[in-house]
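In: here's my sequence, what's the structure:
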Amino acid sequence: MAKSIPLAQAVAENLNPGDTVAFEGFTHLIPHAAAHEAIRQNIGDLTLIRMTPDVIYDQMIGMGLAKKIIFSYAGNPGVGLLRRLRDSIENGWPHRIEFEEHSHSAMANAYEAGAAGLPCAVFRGYKGAGLKEVNPNIRSVTCPFTGEELAAVPAIRPDVSFIHAQKADRKGNVLVEGIIGIQKEAVLAARRAVVTVEEVVDDLGTHTNACVLPNWTISAISVVPGGAHPSYAHGYYDRDNASYLEWDEIAADRDRFLAWMKTNVLEADPADFADRIKGLETAR
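Out: Numbers count the residues shown, from 1 in each chain. The predicted model follows:
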């Protein structure tokens, strides 16, 4: 049953060193505030899972918190590389991480299998692709009914999943609107789930086919206005494109990266995210 607590407490109670953790969001609603709190608490030795690792995983890897990443596509969206991820894999700074690459389809199916309590995901995919030659967790199975050869990957079952959403009601039910990626499945597949939200309301005001996560699927809810910045929250604020462009320059230099992290993460507060959104609105 979801309980409403400050973000620092939610992270401390639900994320442990050595955990397998997903910080999920697709294009928008990326849980930057939650990831920053994990960095502030220096919770490391993590296996990071995400369909589209971007800036938050670049930051966590650069701060030495990751031992492994399981992903499909890694990059700074609309800009280019994840420079801290590449520095880790290619040069071992701050240490060399393991990595396991999949297709988007495989990751989505693996999350769904985890949500359903299944040991693996079976789907059509990887035919003619070379990825399975370098990833031993991509296997083949034969359909017992048709004889067709299908791809199989292990189910994703995080110890904890973090997502950001627009709002929760006072009973702890959460509404996710706009582009829905794999957030619902990431929550249902996880042993524990933490959701940061823009606000808590009396009535979610849901519509037909809305994505609502009931309170029994969630461990903790933390109110963090602006908590998805620099990604966007549909209906609340736009994507901060300038921040993504700036990150490419910041992450390219180790010293500049560490200085930025000190100022904007280690010495920052979750409440700062609301000020960043106000600054974004003022700039427009």
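In: am I right that residue 151 is in a helix?
Out: No - counting by DSSP: H, G, I helix; E, B strand; the rest coil, residue 151 is not part of a helix but strand.
In: what comes into contact with stretch 115-122?
Out: Stretch 115-122 is contacted from outside by 106, 109-110, 112-113, 141, 150-155, 184-185, 188-189, using Cβ atoms under 8 Å, 6 or more residues apart in numbering. The way it works is simple: take the backbone N, C-alpha and C, and place the C-beta from them, glycine included.
In: in strands only, show me those residues.
Out: Of these, the ones assigned to strands by DSSP state E are 141, 150-154.
In: redo the residues you listed as TSV? Include distance to residue 180, pLDDT and neighbour count.
Out: Shown next, in TSV, are the ones in strands among the contacts of stretch 115-122 (distance: Cβ to Cβ, whole Å; pLDDT from 0 to 100; neighbours: other Cβ atoms under 10 Å):
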residue	distance to residue 180	pLDDT	neighbour count
141	29	96	12
150	26	96	17
151	24	96	22
152	25	97	20
153	22	98	26
154	24	98	18
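In: list just the nearest of the residues you listed to residue 34.
Out: Set against residue 34, the nearest of the ones in strands among the contacts of stretch 115-122 by Cβ to Cβ is residue 154 (24.8 Å).
In: and the closest one, bridged to which residues?
Out: When bridges are called by DSSP bridges, residue 154 pairs up with residue 120.
In: right, and the pair among the ones in strands among the contacts of stretch 115-122 with maximum separation?
Out: Using Cβ to Cβ, the pair of these lying farthest apart is 150 and 154, separated by 14.6 Å.
In: burial of residue 218, as a residue count?
Out: Neighbour count of residue 218, defined by other Cβ atoms under 10 Å: 24.
In: can you check the one 10 residues further on too?
Out: Neighbour count for residue 228, taken as other Cβ under 10 Å: 30.
In: before we move on, the earlier item: and the two most separated of the contacts of stretch 115-122?
Out: Spanning the widest gap among the contacts of stretch 115-122 are 141 and 184, at 26.1 Å by Cβ to Cβ.
In: quick check: the gap between residue 182 and residue 36.
Out: Going from residue 182 to residue 36 by Cβ to Cβ, to the nearest Å gives 21 Å.
In: ugh, wrong one, I meant residue 129
Out: Taking Cβ to Cβ as the measure, residue 129 falls 35 Å from residue 36.
In: contact partners of the host helix or strand of residue 279?
Out: Using DSSP states H and E, the element containing residue 279 is helix 272-283. By Cβ under 8 Å, 6+ apart, the residues outside helix 272-283 that reach it are 32-33, 224-227, 229-230, 236-238, 240.
In: got the CA positions of it in PDB?
Out: Extracted in PDB, the C-alpha atoms of helix 272-283 (Å, rounded to 0.1, in the frame of the first residue of the first chain):
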ATOM      1  CA  ASP A 272      15.100  22.800  -6.700                       C
ATOM      2  CA  PHE A 273      13.300  21.000  -9.500                       C
ATOM      3  CA  ALA A 274      10.200  23.300  -9.100                       C
ATOM      4  CA  ASP A 275      12.500  26.300  -9.400                       C
ATOM      5  CA  ARG A 276      14.000  25.000 -12.600                       C
ATOM      6  CA  ILE A 277      10.500  24.600 -14.100                       C
ATOM      7  CA  LYS A 278       9.700  28.200 -13.100                       C
ATOM      8  CA  GLY A 279      12.900  29.300 -14.700                       C
ATOM      9  CA  LEU A 280      12.000  27.500 -17.900                       C
ATOM     10  CA  GLU A 281       8.600  29.200 -18.000                       C
ATOM     11  CA  THR A 282      10.100  32.600 -17.400                       C
ATOM     12  CA  ALA A 283      12.600  32.100 -20.200                       C
END
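In: that one: how far from the chain's middle?
Out: A distance of 22 Å separates the centroid of the chain from that of helix 272-283, by Cα atoms, centre = their mean, to the nearest Å.
In: all the helices of this structure, residue numbers only.
Out: For the chain, the helices defined by DSSP state H cover 7-14, 32-40, 55-62, 83-91, 104-115, 183-189, 241-251, 254-261, 272-283.
In: perfect, that will be all.
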